[in-house]
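K.L.:
I'd like to go over a predicted model; first the sequence, then the structure.
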Amino acid sequence: MSLEIASKRIKPLDPQLVNRIAAGEIIQRPFNALKELIENCLDAGSTSINIQIKEGGLKLIQISDNGCGINKEDLKIVCERFTTSKLKEFEDLKSINTFGFRGEALASISHVSRLTIITKTQDSPCAFKAMYSDGKLAKDGIKPCAAASRGTQIIVEDLFYNSSIRRNALKGGSDEFAKIYEVVSRYAIHNYHVGFYLKRIGESSMDLKTPGCSIRSVENENYLQDVIGILYGADMKKELERISVQYDDRLKFEMLAYMTNSRYTQLKQLTFVLFINERLVDCQPIKKSLQNLFQMYLPKSTNPFIYMNLKIDPKNLDVNIHPTKHEVRFLYQDEIISRIEKSFEEKLLDSSTSRSYYVKNLTLDTFIGESQKSQKKSDSQDSEGAKTPIYPYQLTRVDSKERKLDSFLHQTSLNDSIKVINRTKASSQDKCKSMLRGQDFERSFNFKSLNELRENVEKNSSKNLKQVMGDLNFVGCIERELALIQYQTGLYILNTRLLSEELFYQICLFNFGNFGYFNLSEPLDLFDLAIMALNDPRTEWTEEDGPKEKLAKRCAKFLYSKSALLDDYFSIKVTKRVDSESENKYYLEALPMLIEDYEPDLVDLPLFVIRLATEVEWPNEKECFDSISKEIGYFYAIKNLKYEQDTDNFEENASQNNDKMNESWMIEHVLYKAFVNMLLPSEENEQQTIFKLVDLSKLYRVFERC
């Protein structure tokens, strides 16, 4: 074996093999061939490009234009490698401003297909036709033929006919055509002054048709928006926002872009159309930066549409790093990307302004809208029912309407465990104003979205669980999240956390815009809260999400942009201050007071802040109100304290015991009282909310044996 290896000599490859290898690098799929041909049409000054496809481009690609045409003398060498009209010296690469420059496109296509060119220049009396194979002109030579107008038609037949492995590896015709459609649509957006026509042979109608215009200019940018509307729908066109960066003398670049604003949420995948110096390319650093930015402003699983036309000084741009010219590199990349990201963020903030609503004032109503209907029992009973005997184990030995003695003893030290909140107790005659933001009447909002959310709560409520809530007897707390209650002759475990989460969610909907304030004793910096949240493992932050400081600043700034809505409807007060270094700081000053004598645990306040910025679906009114209410419900819900620790100090133990007594009083006499009077428990969570522990009849049999 070693002798065989040693005997092998280095030899030059056959030129035909070299050309086919090079062609395989440039023409990988039908859309690569079409991309090269479209760029040739545009370099020729075409204003109309007609494309016909058969079997996804594998059987036929035919492209016609009305450009300058090809001289008859040039047809002899047009398909040879490294023949071009756009480059003479290596220094010309520093100022290249055309699509092609290496002279490899037509050569590569001719090595993997049967290529025909029909062309006519303005001065030519007729058109000329030539056929090529392996980069060489066919034996028939160049023949004259009739042609009505100036331009070039290129026909590519049987692509990869001489490479069965490549042809078999390609997907079906429909998949290849989808890629062709994507490429043509992107060039149609950028070159909106050119009319593009795309049709599959055998189909009766055009797959793509754009009108074109006289010239590409600022005045004609409405044609660009029209093309986007043709390709992606009128709904997207309505939500487009224009972004521009004027020419920077230092960085030597300028930018024009169109993006969908935060109200458009129909795209599931990012559509990023990037042209740098008129060339369709991909730039992962720009793409990743914008993806991270839009994650802060769009709901989950939604993405934007972005078209960007970036112009960079050709001397700062390297276009010769990829066989298909698909990627480029440029100087000052980080600084340019930072400028681009800043301009996009400013536009997103401007487009996220709140809308105006008409408000109709009504008389003060009850908390949920209608008072709970009392069920009156008839004094007269059926004679047969009256004679039915009631056994001792069937007796309910407690009355849910009786009040316990400790319910009259208000726990004034309830807020001792949460020092940051400072609330002034209202007198009996001022309590209504405290709850209703100091107003003399309750505001009523006749929003369709809000009414639908309320109706949904009422529709999905559990009648059985509501019946239990209306006649329960509180036994005691197992822990903060679980409690024992008695209903009739049954002993049940209730999930206090789930019930309280539902309660506060429903309060946000039914008492919408009428909350009091819990004023924080000291305003809390939203940046610090966001940093604390990002350090929490529950946020699942990774390095791919970006620097924590940058995300925290963006979160604080974004919440301030929504401060009017948060304050007016949910009593969440966010303010802005300017520090000594003239930098904007954003603070949280108040939280909503949802029910009297209940204060949320602030341990999860950082998580609440970051979720408010990232999990709320801001663009849609109904989803916005719903998701904000759910986040408030989750934050305010009673939870087991994960920071409690055992201690041997007598005074600390006594303080913890006192806090637990206060919490037990609050759970029994505040939360469960609210459950009885206000809550419409969800049927969906019924199995997770209540668990029957034992029945009195079974216990009676056990004790009867004793």
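P.N.:
Structure's in. What do you need?
K.L.:
quick check: next helix or strand after the strand or helix carrying Asn677?
P.N.:
In the assignment (DSSP states H and E), Asn677 maps to helix 672-678. Counting by DSSP H and E, the next helix or strand C-terminal to helix 672-678 is helix 686-689.
K.L.:
in that following helix, which residues are buried?
P.N.:
Neighbour-count burial for helix 686-689 flags Thr689 (criterion: 16 or more other C-beta atoms under 10 Å). Where C-beta positions appear, they are placed from N, C-alpha and C, glycine not excepted.
K.L.:
same thing with stretch 225-238?
P.N.:
Under the neighbour-count criterion of 16+ other C-beta under 10 Å, stretch 225-238 has Gln225, Asp226, Val227, Ile228, Ile230, Leu231, Tyr232, Met236, Lys237 buried.
K.L.:
just stretch 339-356 next, same as before
P.N.:
Buried residues in stretch 339-356, counted by 16+ other C-beta under 10 Å: Arg339, Ile340, Glu341, Phe344, Glu345, Lys347, Leu348, Leu349, Ser351, Ser352.
K.L.:
report the rounded mean pLDDT for that stretch.
P.N.:
Stretch 339-356 shows a mean pLDDT of 77.
K.L.:
do stretch 164-174 as well
P.N.:
pLDDT averaged over stretch 164-174 gives 82.
K.L.:
please shift the residue numbers so they start at 24 in all later answers.
P.N.:
Okay, using 24 as the starting number, the last item reads as stretch 187-197.
K.L.:
contacts for it, please.
P.N.:
Taking contacts as C-beta atoms under 8 Å, 6 or more residues apart in numbering, the residues outside stretch 187-197 that touch it are Gly47, Arg52, Pro53, Glu78, Gly79, Leu81, Val135, Leu182, Phe183, Tyr184, Glu199.
K.L.:
between the two ends of that stretch, what distance do you get?
P.N.:
Stretch 187-197 has an end-to-end distance of 19 Å (criterion: C-alpha to C-alpha, to the nearest Å).
K.L.:
just the buried positions in that stretch, please.
P.N.:
Leu193, Gly196.
K.L.:
now swap in stretch 225-240 and tell me
P.N.:
Using 16+ other C-beta under 10 Å as the test for burial, stretch 225-240 gives Asp230, Leu231, Thr233, Gly235, Cys236, Arg239.
K.L.:
which residue packs closest to the second one, ignoring adjacent ones?
P.N.:
So the one you mean is Leu231. Leu221 (3.9 Å; C-beta to C-beta, 6 or more residues apart in numbering).
K.L.:
hmm, that neighbour is touching Ile76, no?
P.N.:
Yes: with contact defined as C-beta atoms under 8 Å, Leu221 reaches Ile76; the gap is 7.3 Å.
K.L.:
residues in contact with the helix holding Asn700?
P.N.:
The list of residues contacting helix 695-701 from outside it, by C-beta under 8 Å, 6+ apart, reads 390-391, 395, 492-493, 495, 497, 506, 508, 522, 526, 529-530, 618, 621, 704.
K.L.:
next one: stretch 533-540 to chain centre, how far?
P.N.:
On the basis of C-alpha atoms, centre = their mean, to the nearest Å, stretch 533-540 sits 29 Å off its chain's mean C-alpha point.
K.L.:
between the two ends of it, how far is it?
P.N.:
So stretch 533-540: terminal residues 17 Å apart, C-alpha to C-alpha.
K.L.:
stretch 285-302 now?
P.N.:
Counting by C-alpha to C-alpha, you get 28 Å between the two ends of stretch 285-302.
K.L.:
what residues sit buried inside it?
P.N.:
Within stretch 285-302, judged by 16+ other C-beta under 10 Å, the buried ones are 285-288, 290, 294-302.
K.L.:
pLDDT score assigned to Ile100?
P.N.:
Ile100 carries a pLDDT value of 86.
K.L.:
likewise Leu36?
P.N.:
58.
K.L.:
pLDDT at Pro629, what is it?
P.N.:
pLDDT, read off for Pro629, is 92.
K.L.:
is it located within a strand, as I assumed?
P.N.:
No: read with DSSP: H, G, I helix; E, B strand; the rest coil, Pro629 is helix and lies in no strand.
K.L.:
low-confidence ranges, the chain, go.
P.N.:
24-48, 105-126, 170-171, 342-349, 375-464, 664-684, 720-729 (pLDDT under 70).
K.L.:
tell me which two of the contacts of stretch 187-197 sit farthest apart.
P.N.:
Maximum pairwise distance in those, criterion C-beta to C-beta, is 20.1 Å, between Gly47 and Glu78.
K.L.:
for Ile203, list the residues it contacts.
P.N.:
Pro53, Phe54, Leu57, Ile76, Gly79, Gly80, Leu221 are the contacts of Ile203 under C-beta under 8 Å, 6+ apart.
K.L.:
what about the last one, is that helix, strand or coil?
P.N.:
If I follow you right, that is Leu221. For Leu221, the assignment made with three-state DSSP gives strand.
K.L.:
next, count neighbours for it.
P.N.:
23 (other C-beta atoms under 10 Å).
K.L.:
I'd like the distance between it and Gln75.
P.N.:
Leu221 sits 8 Å away from Gln75, taking C-beta to C-beta, to the nearest Å as the criterion.
K.L.:
separation between the residue nearest to Leu231 and Ser605?
P.N.:
Distance from Leu221 to Ser605, counting by C-beta to C-beta: 54 Å.
K.L.:
about what we covered before: so which of the buried residues of stretch 225-240 are in helices?
P.N.:
Residues of the buried residues of stretch 225-240 located in helices (DSSP state H): none.
K.L.:
tell me the secondary structure for the spatially closest residue to Ile203 that is not a sequence neighbour?
P.N.:
Closest residue in space to Ile203, ignoring its immediate chain neighbours: Phe54 at 4.8 Å, by C-beta to C-beta, 6+ apart. With three-state DSSP as the basis, Phe54 sits in helix.
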